[in-house]
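Novice: Can you look at this prediction? I've put the sequence above it.
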Amino acid sequence: MKVLFFGTPLFAEIVLEGLLNSKHQVVGVVCQSDKPAGRGNKMVSPHITQIAKANNVPVFQFEKLLPHIEDFKNIDCDIFVTASYGKILPKSLLDIKLCINVHPSLLPKYRGATPIQNAILNGDVVTGVTVMKTEVGMDDGDIFLQEKFNISPEDDYTSLLPKLADLGTKLLLETLDKIENGTAKRTPQNAQDATFVKLLKKEDGLLDFSLSAESLVNKVRAFVEFPVACFKIGGEIIKVYKAKVATDDFAKQKLAEFEKNNFGTILCTKKRFLIKTGGGIFEILKCQAPNGKILDAAAFLNGYHFKSMAVDK
RNA sequence: CGCGAGGUAGAGCAGCUCGGAAGCUCGCCGGGCUCAUAACCCGGAGGUCACAGGUUCAAAUCCUGUCCUCGCAA
């Protein structure tokens, strides 16, 4: 089939690559417009544009889609496919052709912008990918295909996203085949079971050490790309990129030594970075001081001068 | 020219204000001690202080330029 693809970030890139390597033909890639980014605020194109250009696929970048409805009507294609495009498509656009979407969750659970992060954040063991009809409502269209996927305790957002994107690609290709030969079936979502997840904000990353160590580790895993889990000590922000719950004897012994201290107390600074929490011991494995590089805990501790032996409240 | 921080031994850092013998913590190599070690003791290797100019009797340190890295903001 001739596909017009809508998508912008990494998840969309992976699905697009899968489409390009399939028997289906991608007639164009629609992504968000260039934005100033990085030091110097230079204008940067979404990376997906390079993939499109490398495959000689035309790229369409619009600030708003609505003024370009007539242009879309003139594009020779059979179907629209969206994958993490980043904006809601107007009804007048969805009326032109059938439009299907790849969404990395078990819909109707986790409708919205950050399904992968929230699955990890909540400590889910199972998530999945859904291919459904794109509607004006947020991720509420009829489901074509859905498949579960196990989240490993070792997975963080960075490692899980490509796995779900690969699964999404597989389901998308199956759906396209079924639509093409007329065997596709749709199942409405059960709206009563729907949950919604919002865009993440900077302040969402702040770690609250009154919570359990396990939930803090989940936040680290979920937010590793953005906004990055962090805490303050002596007024300085320390970002945490990798952490675990410490349950070994050495850690337990340290916890016993500081039995009377409040949560947020740093238990050990020799070679391991342990912090007492409201439930268990939080161990930092990779972190970053302001202006510094991301370091292993041992390297970080060699040179870092603690201004306090407890995390700021 | 968006704002800011930095480049010193294999790693992480101090020293720069106020120029005058290259330091700390770890790692590495060798030896010692211990029932034991994520402990301790002794010794050792390892640096063109990012690069290029300038000032000076003397520059990691002061001045100018270049390259690279990172944080913030978007």
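Specialist: Cool, the structure landed.
Novice: tell me, how many neighbours does the closest residue to A:Leu98 other than its chain neighbours end up with?
Specialist: Nearest non-adjacent residue to A:Leu98, counting by C-beta to C-beta, 6 or more residues apart in numbering: A:Ile79, 5.3 Å away. Glycine gets a C-beta too; all of them are placed from N, C-alpha and C. Look at A:Ile79: counted by other C-beta atoms under 10 Å, it has 18 neighbours.
Novice: before we move on, what about the one 5 residues further on?
Specialist: The burial metric for A:Ser84, expressed as a neighbour count using other C-beta under 10 Å, is 25.
Novice: any idea how far it is from A:Gly182?
Specialist: 28 Å (C-beta to C-beta, to the nearest Å).
Novice: Now for A:Asp78: which residues touch it?
Specialist: By C-beta atoms under 8 Å, 6 or more residues apart in numbering, the contact set of A:Asp78 is A:1-3, A:97.
Novice: Tell me the confidence at it?
Specialist: Here the pLDDT value assigned to A:Asp78 is 96.
Novice: Also A:Tyr304?
Specialist: pLDDT, A:Tyr304: 89.
Novice: my guess is it meets A:Gln288, correct?
Specialist: No: applying C-beta atoms under 8 Å, one finds A:Tyr304 not in contact with A:Gln288, separated by 10.7 Å.
Novice: ok, back up a step: scan the contacts of A:Asp78 and report the most crowded one.
Specialist: A:Val3 (24 neighbours).
Novice: Contact partners for that residue?
Specialist: A:19, A:24-27, A:77-81, A:176.
Novice: quick one: which of those is most hemmed in?
Specialist: Most crowded among the contacts of A:Val3, counting by other C-beta under 10 Å, is A:Val81 at 28 neighbours.
Novice: Mind listing the strands the host helix or strand of that residue pairs with, and their directions?
Specialist: Following DSSP states H and E, one finds A:Val81 within strand A:79-82. Sheet pairing for strand A:79-82, assigned by DSSP bridges, gives strand A:2-6 (parallel), strand A:99-103 (parallel).
Novice: Correct me if wrong, but A:Leu285 is in a strand.
Specialist: Yes: according to DSSP: H, G, I helix; E, B strand; the rest coil, A:Leu285 belongs to a strand.
Novice: is it true that A:Gln189 touches A:Met132?
Specialist: Yes: between A:Gln189 and A:Met132 there is a contact under C-beta under 8 Å: 7.5 Å.
Novice: Could you tell me which residues touch both of those two?
Specialist: Joint contacts of A:Gln189 and A:Met132 (C-beta under 8 Å, 6+ apart) are A:107, A:141-143.
Novice: Show me chain A divided up by domain.
Specialist: A:2-197, A:202-303 (automatic domain parsing).
Novice: circling back to that earlier point, out of the strands paired with strand A:79-82, which is closest to A:Ile275?
Specialist: With C-beta to C-beta as the criterion, A:Ile275 lies closest to strand A:99-103 of those, at 35.8 Å.
Novice: Output the closest one in CSV with nothing but the alpha carbons.
Specialist: Output in CSV follows, covering the C-alpha atoms of strand A:99-103 (Å, rounded to 0.1, in the frame of the first residue of the first chain):
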residue,chain,number,x,y,z
CYS,A,99,-5.6,6.7,9.4
ILE,A,100,-4.1,4.2,11.8
ASN,A,101,-1.8,4.8,14.8
VAL,A,102,0.9,2.8,16.6
HIS,A,103,0.7,3.3,20.4
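Novice: Check which residues of it are buried.
Specialist: Neighbour counts over strand A:99-103 (16 or more other C-beta atoms under 10 Å) mark A:99-103 as buried.
Novice: got the contact list for it?
Specialist: By C-beta under 8 Å, 6+ apart, strand A:99-103 touches A:15, A:79-84, A:89, A:93, A:111, A:115, A:129-134, A:139, A:141, A:144, A:168-169, A:171-172, A:175, A:179.
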